[in-house]
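K.L.:
Sharing a model that was predicted from the sequence below.
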Amino acid sequence: MNITLLVIFCLIYFYASNTSFTFGIGYFSLYRPLVLGIILGIITGNYVECVTVGILLNIMFYDFASTGGSIRFDMSIIMVVAVMALEIFNCNVLQAIAIAFPFGILGTAIFKIRLKYNGKFASDMKHAFILNENKIHISVIKPQFMLLLISVLMIILINYILILFNNILSINYSFEKYVMQFFDLSGIALIANYFIYFIIKEIKYKHLIFLVTVPMIIFIPKITICLLIGIVIVCMIYDMRKMFMYHSDLKKDSKLLCKKDLLWIWTRWMNLSHASFNTENMQALALNSAMLSLYKKIYKTNSEISKRILDNYSLYNVEPNIGTVAIGYQLNIEEKIACEEYDNNKSESIKKSMMGLVSGLGDSFTQTTLLPMYLGIAICSMQLGYYVFAIASLLLLPACILMYSWNGLKFGYLYDKIGVLKYIDIIKNSLFQKFSKYLIFSCFFIMYFLASGKIIEITVSLASNGYLIIPIVLVSVIYNYLRKKKYDSIINVCLLYIVSAIAVSVCAII
Amino acid sequence: MKKVVLARIDERLLHGQVVVNWLPVYDIKEIIIIDNEIAEDDFLKEITLAAAPKSARIHVFAENQIDELRDLQTEGNAIIITKNIFVIPSLLSNGISFNQLNLGGLSMIKDRKRYLDFLCLSNSEIDELKEIEDKYDVEVFAQMIPNSLKFDLNKL
């Protein structure tokens, strides 16, 4: 792999895992293996294999939802390393996934370091405000540079580990063959077990959806995909219309911020809420940074602004997109504090209570309704070779997120309490919520059905190439048994690799 | 009241971690929030009820409404969520029993010390938790979501 490609990989990993400065949509797009697979495929020229890895990884992480910063495996680093493995080892997609998967733990470690460093940064900034209340400056560039540095070093290190490993393998042919057999087996076991686990879990309850969607995708694939996209567009238009109706019906209070100010606040929040996420006070820095333009309009002196920043510096954690309604309402309250209609204690109590409530609604809407729906359609379209539909679905998701987040801010700020309640009503009774169960499981069964064909094909080819089908089955059975024991997911994956290594060793001896 | 499968201490109360992760795992149909600020503010109470997930019913109580909570008619598994560790003994001593107390998220404030990324506790809170564990035989553990690492109170 040449140096230019390595630099590109470093930058892509940094931007994808960072999810900051993307208007909040990086987490729903660049962070996903499917999207990364398309981009890396175009860059490396190895489009088919990169997209296949992206599809398989995305299916494995289909039920992934990061709530309040809780992740076990970082899917973006797995995707990037898998593509690096394809380049360095010239291996197949199974081997690439098996090589890359453990590095997901490193991605999580980087995430944790980032939270801690951001926490220290937030704490230092607080002391700076206390010491120098005449200087008002909030910037999160420094932790971003730190993250860039860590990301670059990590990708370079992984690159050299992979090259070194490849060199060691090339010394002895039979050792190389043994190791690659191990990666074949652990790769297939890893994917197959995620598949078996999800299918067994879901088919019991959703067998009717399975019985309808699978024949549809076999006989009328294009119409099925068009139907799925059509439904999400109708849902989006329905909610958009509802929002417009409320905008024209609800009475706006007289406010200090104009549309341009709100747009600036929204821009800052959407780009910084991930950038400054930390263990100390989570998103409080982003909240203050977003509210800075309002503070400047309300308060005349820097010391007053500094005091308000410190008042709002306690833990703040809200789902960034739907949570904009809480930010909007916080702006509203801030104006009331200036008019002495509210005191700081009351404001703090409302802020703390609202953040959790809105996050519960937001996380379940964005991460378990919108994301699997749009991403599911994109994956199915990609599997069937309907690239236009896949891209359309991948573009509609961010558009949808942006629509809800921008309107959330406006509802919370402009229409006071009634705006918050109406916005919650829009989200809770969204048409997406009504169709989500059918759409998500339709996509789920279609993608698993299509991918299973591919997996069976690979398994059969491995068996016919001298690998035994018995270790594959053995690993599957043992791994599924261990999984039911509910160990931590990292321990589960370690066990899978150990069982695979034992199975390959036994086969080699026999 | 029927079965309380889990009690959780989290200052964010009904957060995404609860709605997305804990509710499906324990098949929770009843969410009980014990919080004075929400119970005493009509607007917050209204938001709480409006924002509740459709899969579960939500109930809000103040810390001094333990008797009403005990008489609550529930239909399925319940979760109790509160910010205040000190309310737990009064629940347990008033006949509201559960076997697991999950420490979900408490931030750094005065007197507290950081034990985990998401958990800060004061000495008096630690003492209270130990007493809950010993006196009422409740398993006290810190865990963000069901598939993340679980820390027993003694190992914090």
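P.N.:
Cool, the structure landed.
K.L.:
who touches the residue in chain B that chain A sits nearest to in this structure?
P.N.:
When Cβ to the nearest Cβ is the measure, chain B has its nearest residue to chain A at B:Gly16, with 2.8 Å between them. Just so you know, the C-beta spots here come from the backbone N, C-alpha and C atoms, and that holds for glycine as well. Taking Cβ atoms under 8 Å, 6 or more residues apart in numbering or on different chains as the definition of contact, the neighbours of B:Gly16 are A:65, A:67-68, A:319, A:359-360, A:362-364, A:367.
K.L.:
Regarding B:Val60, what is its secondary structure?
P.N.:
Per DSSP: H, G, I helix; E, B strand; the rest coil, the secondary structure class of B:Val60 is strand.
K.L.:
For it, give me its contacts.
P.N.:
If a contact means Cβ under 8 Å, 6+ apart, then B:Val60 has B:33, B:35, B:38-39, B:45, B:48-49 as its contacts.
K.L.:
Take those residues and keep only those in helices.
P.N.:
When DSSP state H is applied, the contacts of B:Val60 are split such that B:38-39, B:45, B:48-49 fall in helices.
K.L.:
which non-adjacent residue is nearest the residue in the stretch 151-300 of chain A that chain B sits nearest to?
P.N.:
Checking the stretch 151-300 of chain A residue by residue against chain B with Cβ to the nearest Cβ singles out A:Thr279 as nearest, at 4.7 Å. Once flanking residues are discounted, A:Thr279 sits nearest to A:Gly119: 4.1 Å by Cβ to Cβ, 6 or more residues apart in numbering or on different chains.
K.L.:
That neighbour: neighbouring residues, count only.
P.N.:
Using other Cβ atoms under 10 Å in any protein chain shown as the criterion, A:Gly119 is surrounded by 22 other residues.
K.L.:
In which helix or strand does it reside?
P.N.:
Under the criterion DSSP states H and E, the helix or strand holding A:Gly119 is helix A:103-131.
K.L.:
Could you tell me how far that helix lies from the centre of the chain?
P.N.:
19 Å (Cα atoms, centre = their mean, to the nearest Å).
K.L.:
helices or strands up against that helix?
P.N.:
Counting by 3 or more Cβ pairs under 8 Å, 6 or more residues apart in numbering or on different chains; DSSP states H and E, the packing neighbours recorded for helix A:103-131 are helix A:3-18, helix A:75-89, helix A:141-171, helix A:284-298, helix A:302-311.
K.L.:
Among the ones you listed, show me which one is buried the most.
P.N.:
Each of the helices and strands packed on helix A:103-131 was assessed for mean neighbour count using mean count of other Cβ atoms under 10 Å in any protein chain shown. The highest is helix A:75-89, with a mean of 26.
K.L.:
Could you check the angle the next helix-or-strand element following that helix makes with helix A:75-89?
P.N.:
Using DSSP H and E, the next helix or strand after helix A:75-89 towards the C-terminus is helix A:93-100. Going by axes from the mean of the first three to the mean of the last three Cα atoms, to 10 degrees, helix A:93-100 is angled at 120 degrees with respect to helix A:75-89.
K.L.:
residues in contact with helix A:93-100?
P.N.:
Contacts to helix A:93-100, defined as Cβ under 8 Å, 6+ apart, come from residues A:49, A:52-53, A:56-57, A:77-86, A:89, A:91, A:162, A:180, A:182-184, A:186-188, A:190-191, A:458.
K.L.:
mind running it again at 6 Å?
P.N.:
The contact list for helix A:93-100 (Cβ atoms under 6 Å, 6 or more residues apart in numbering or on different chains) reads A:49, A:52-53, A:78, A:81-82, A:85-86, A:183-184, A:186-188.
K.L.:
Compute the number of surrounding residues for A:Met236.
P.N.:
Residues lying near A:Met236 (other Cβ under 10 Å) number 19.
K.L.:
Contact partners for it?
P.N.:
For A:Met236, the residues meeting the contact criterion (Cβ under 6 Å, 6+ apart) are A:Cys400.
K.L.:
try B:Pro53
P.N.:
Residues counted as contacts of B:Pro53 (Cβ under 6 Å, 6+ apart) are B:Val19.
K.L.:
Quick check: phi and psi on it?
P.N.:
Note on B:Pro53: backbone dihedrals following degrees, to the nearest 10 are phi -70, psi 150.
K.L.:
Wait, A:Phe129 touches A:Ile305, no?
P.N.:
No. Counting by Cβ atoms under 6 Å, no contact exists between A:Phe129 and A:Ile305, whose distance comes to 9.4 Å.
K.L.:
Closest one of the contacts of helix A:93-100 to A:Asn429?
P.N.:
Nearest to A:Asn429, judged by Cβ to Cβ, of the contacts of helix A:93-100 is A:Ile78 at 36.9 Å.
K.L.:
biggest helix in chain A, by residue count?
P.N.:
Ranked by residue count and defined by DSSP H, the top helix of chain A is helix A:431-464.
K.L.:
which parts of the stretch 401-510 of chain A sit against chain B?
P.N.:
Proximity of the stretch 401-510 of chain A to chain B is confined to A:417, A:421, A:424, A:488-489 under the rule Cβ under 6 Å from any Cβ of the partner chain.
K.L.:
Which one (most neighbours) among those residues?
P.N.:
Ranked by neighbour count under the definition other Cβ under 10 Å, those are headed by A:Ile424 with 23 neighbours.
K.L.:
Leaving aside the residues adjacent along the chain, what's closest to that one?
P.N.:
Using Cβ to Cβ, 6+ apart and skipping residues adjacent in sequence, the residue nearest A:Ile424 is B:Ala50, 4.7 Å away.
K.L.:
Just give me the neighbour total for A:Ile43.
P.N.:
Counted with other Cβ under 10 Å, the burial measure for A:Ile43 works out to 16 neighbours.
K.L.:
mind checking which helix or strand of chain B has the lowest mean pLDDT?
P.N.:
With mean pLDDT, DSSP states H and E as the measure, the helix or strand of chain B carrying the lowest mean pLDDT is helix B:16 (a mean of 87).
K.L.:
what's the helix or strand for B:Asp78?
P.N.:
Asp isn't right for residue B:78; it's Ala. Secondary-structure element containing B:Ala78, defined by DSSP H and E: strand B:77-82.
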